[in-house]
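> Fold the following for me, if possible:
(4 chains)
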Protein chains: 2
Amino acid sequence: MTVTDRRAGILGLVVREYVETAAPVGSRTIHEKYRVPASPATIRHEMQALEEEGLLRQPHTSAGRVPSDEGYRFFVSSLMGQVELDQTEKATIRHQFFQAPPELDEWVDLAAVLLSRSLGLLAIVAPPRAARLQVRHLELIALNDLLALLVVVMREARVLKQLVALESALDQPELSSLAQRLNERVSGMSASDLRGTADPDDPTESAVLQTLRRLLEEESAREVEARIEGWTGVLAQPEFQADYTRVLDIVSVVDRPGVERLVTAGARDVGGVSVLIGDENQATELRDCSVVVAPYGDGSGVSGFVGVIGPTRMRYAQGVASVRYLSGLLQEMMERVYG
Amino acid sequence: MTVTDRRAGILGLVVREYVETAAPVGSRTIHEKYRVPASPATIRHEMQALEEEGLLRQPHTSAGRVPSDEGYRFFVSSLMGQVELDQTEKATIRHQFFQAPPELDEWVDLAAVLLSRSLGLLAIVAPPRAARLQVRHLELIALNDLLALLVVVMREARVLKQLVALESALDQPELSSLAQRLNERVSGMSASDLRGTADPDDPTESAVLQTLRRLLEEESAREVEARIEGWTGVLAQPEFQADYTRVLDIVSVVDRPGVERLVTAGARDVGGVSVLIGDENQATELRDCSVVVAPYGDGSGVSGFVGVIGPTRMRYAQGVASVRYLSGLLQEMMERVYG
DNA sequence: CGTTGGCACTCTCATGTCGAGAGTGCCAAT
DNA sequence: ATTGGCACTCTCGACATGAGAGTGCCAACG
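Just a heads-up that it's a prediction; the model follows:
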């Protein structure tokens, strides 16, 4: 028993029909709606074979068939091919990115919104995170007598800030010249480079440097804040109305920090885009969900990801195409501006 | 027919019991569990009166009673009194705020997390927004030959950034001196003050000033980004399992921009804290929900808010107490650092 | 041997019935 | 005004029933 061409074709149709209607697919539907040149009886035969192969399931005797996780996997790996968004769609998306303010955060936002809108799924987009945080420039701004604001611009044009308690009262010109002196020393440095650079005779300087080091360390320990968008769409999917525990599952997984691990681990590649179907997910809460995710970054250790989460019954082709295009576009936008 | 003391007491008990159990409350429960010195029959009489008064409802003949929106309103306005968190709870919260990095965003996060955890409701906390955006300091950092990063520190120590396309190639020292010159001119200015300040003979300077003005205008037009936390808790409330459309309602309202309008409009005051019960909400999607919200800010036109959203069956006393304490605490933290 | 129509079989789903349980509304007595 | 008694109403779960959908299998056909 093996997966012949016709069987594969029927599997594809079942996936397509089920994704669209969310109801088990019967042999007559395949025969009539898709004009397969074979009688319902024959199609039943083939479906039986596909079930023995583990690619289809029956919710119960005498219901139609539903794709199993393996069925979706087969569809994604062997049937749907290399999908691409069509040109007009790409152009529309591209246009919106060039309309937006040239800010990484804006692009991340935009990507998440577009993704969730077009697919009706939950979109998760994380900005890239530098593997090694490197200082480009720092500035000190006086807030009041004993409090200054330390503003740090990182290599990738990200801006961090932190309050510094000053040892002695300094006015803005004094702070500026201190900042200028420090800039010459710390430019290009990362947290570990900063150890022992402080001049022990200058308490203000060491206060600033210590704050800077703490800031960098905290920043690199911080969870990436991913942008999550599209609850409305995904919770309107019929699978969630039937079984409320699935809502709690998906919400509890996504609503807590550390989403990126779920999305990054154990992914199989499909041309840069990974698809995780049902049980292939690490998190047991996602056993009825699928994840489509792709990394992006400037190649120098700065990488984020863009992905979608939804029920296993999702439009994989469009999902993969959209995720691929948006990850590429985000990468391109970044290179154009920060490269 | 009027609301006597005993009736008010019974109403309070019904609210309390219903909030706890989520099941309609019968006369025997009130009699036995709360040891009310009156027989179930008498209590039924009183409940009937309360129903005629519009403060209680029956889901159907011969179920127990459930508070109506008006019943909750009566409870909140006349019965629960001025509630406060107890001292140890206050101390614990306070401690966590002083542990956190001294950053407004961190406090907003922390407030949202604490609020949603302790109440099991959806917490919404928005950082204050200056009525008038005023520049404190600006800086220019070279990214590459024709691209610089404009970093602007606002009066309230917020930091904005924006890329600037340069007219001609400038290195970092040149940019720094330009920034220094500009600082003297624009310090304390807001978007409207910037009109016509540019020197038409210096194209780089006018590019920077124009970018600055655009940045400020966009920033003041931008929706406040509120921190929303606690989907897990609120979606686990029993009301949402019974009726899935309510999940879609609350998600659709909160998941789209402009939450603050829902929360700010038409609020009735309870010592700085507003409570909006059911139909009192502007948004029809929130007709089965209640909102508890309080503004905070430094009094000089900078104001944000902290609030919770949940089913009308919520612990109003704790909600009001927590919201009040956290809004006050946020205000205090801000004044301490930025005042 | 692959394909097809026929047909009995199975399972779900909507509907209806029934009894138990909970709580009320009302009345007559105190 | 308060109370006990009691009939009444409504929900909820269990169970039965019938329609409908779709299958599995078989015998017949090219």
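> pretty sure A:F305 belongs to a strand, no?
Yes: A:F305 sits within a strand when classified using DSSP: H, G, I helix; E, B strand; the rest coil.
> I'd assumed A:A123 was in contact with it.
No: at 11.2 Å, A:F305 does not count as touching A:A123 under the criterion of CB atoms under 8 Å. The C-beta positions use only the backbone N, C-alpha and C, and glycine is treated the same way.
> more crowded one of these two?
The residue with more neighbours, out of A:F305 and A:A123, is A:A123; 28 against 25, by other CB atoms under 10 Å in any protein chain shown.
> helices or strands up against the host helix or strand of that one?
Assigned by DSSP states H and E, A:A123 belongs to strand A:122-129. Strand A:122-129 sits against helix A:104-119, strand A:227-229, helix A:231-235, helix A:244-254, helix A:259-264, strand A:289-297, strand A:303-311, helix A:316-338, with contacts defined as 3 or more CB pairs under 8 Å, 6 or more residues apart in numbering or on different chains; DSSP states H and E.
> angle of the fourth one against strand A:122-129?
On the basis of axes from the mean of the first three to the mean of the last three CA atoms, to 10 degrees, helix A:244-254 is oriented at 10 degrees to strand A:122-129.
> Pull out the buried positions in helix A:244-254.
A:244, A:246-254 (16 or more other CB atoms under 10 Å in any protein chain shown).
> quick one: it near DNA strand D?
No: Helix A:244-254 does not reach DNA strand D (CB under 7 Å from any atom of the strand); its nearest approach is 15.0 Å.
> Quick one: distance of that helix to the chain centre.
18 Å (CA atoms, centre = their mean, to the nearest Å).
> Mean confidence (pLDDT) on it, please.
Summarised as a single mean, pLDDT over helix A:244-254 is 89.
> can you check the last one too?
Confidence for helix A:316-338, expressed as mean pLDDT, is 92.
> If you count contacts, what does that helix end up packed against?
Judged by 3+ CB pairs under 8 Å, 6+ apart, the packing partners of helix A:316-338 are helix A:87-99, helix A:104-119, strand A:122-129, strand A:273-277, strand A:289-297, strand A:303-311.
> try it again with 7 Å
Other helices and strands packing on helix A:316-338, by 3 or more CB pairs under 7 Å, 6 or more residues apart in numbering or on different chains; DSSP states H and E, are helix A:87-99, helix A:104-119, strand A:273-277, strand A:289-297, strand A:303-311.
> Chain B is nearest to which of the ones you listed?
Smallest distance to chain B across the helices and strands packed on helix A:316-338 (CB to the nearest CB): 9.7 Å, for helix A:104-119.
> Determine whether any part of that closest one lies close to chain B.
No: using CB under 7 Å from any CB of the partner chain, helix A:104-119 stays clear of chain B, coming no nearer than 9.7 Å.
> what sits up against that helix?
Applying CB atoms under 7 Å, 6 or more residues apart in numbering or on different chains, the contact partners of helix A:104-119 are A:93, A:96-97, A:100, A:122-123, A:125, A:127, A:227, A:229-230, A:233, A:306, A:308, A:315, A:318-319, A:322, A:326, A:330, A:333-334.
> Buried residues in it, which are they?
Applying 16+ other CB under 10 Å to helix A:104-119 flags A:104, A:107-116, A:118-119 as buried.
> quick one: average confidence on that helix?
Rounded mean pLDDT across helix A:104-119 is 96.
> Tell me the gap between it and the middle of its chain.
Counting by CA atoms, centre = their mean, helix A:104-119 is centred 10 Å from the centre of its parent chain.
> closest point of the stretch 1-150 of chain A to DNA strand D, which residue?
Evaluated by CB to the nearest atom of the strand, the stretch 1-150 of chain A has A:G26 as its residue closest to DNA strand D, separated by 3.1 Å.
> count of neighbours near that residue?
A count of nearby residues for A:G26, using other CB under 10 Å, gives 19.
> again with A:P59
Neighbours of A:P59 under the rule other CB under 10 Å: 11.
> Identify the residues contacting it.
A:24, A:66.
> neighbours around A:E52, how many?
Neighbour count of A:E52, defined by other CB under 10 Å: 10.
> ok, now A:P257?
11.
> List the contacts of it.
Residues in contact with A:P257, defined by CB under 7 Å, 6+ apart, are A:E223.
> ok so it is a helix residue?
No: assignment of A:P257 by three-state DSSP gives coil, placing it outside any helix.
> Near DNA strand C, which residues of chain A are found?
With the criterion set to CB under 7 Å from any atom of the strand, chain A comes near DNA strand C through A:37-42, A:45, A:59-63.
> of the contacts of helix A:104-119, buried ones?
Taking 16+ other CB under 10 Å as the criterion, what is buried in those is A:93, A:97, A:122-123, A:125, A:127, A:227, A:229-230, A:233, A:306, A:308, A:315, A:318-319, A:322, A:326, A:330, A:333-334.
> interface residues of the stretch 101-250 of chain A facing chain B?
Residues of the stretch 101-250 of chain A lying close to chain B (CB under 7 Å from any CB) are A:101-102, A:136-137, A:139, A:141, A:143, A:149, A:151, A:153, A:157, A:159, A:161, A:163, A:218, A:231-232, A:235-236, A:241, A:244, A:247-248.
> among the residues you listed, which ones are buried?
Burial by neighbour count, judged by 16+ other CB under 10 Å, picks out A:102, A:136-137, A:139, A:141, A:143, A:149, A:151, A:153, A:157, A:159, A:161, A:163, A:231-232, A:235, A:244, A:247-248 from those.
> Up against DNA strand D, what does the stretch 1-150 of chain A have?
Near DNA strand D, when you scan the stretch 1-150 of chain A using CB under 7 Å from any atom of the strand, you find A:24-29, A:40-41, A:44, A:47-48, A:51, A:58, A:61-65.
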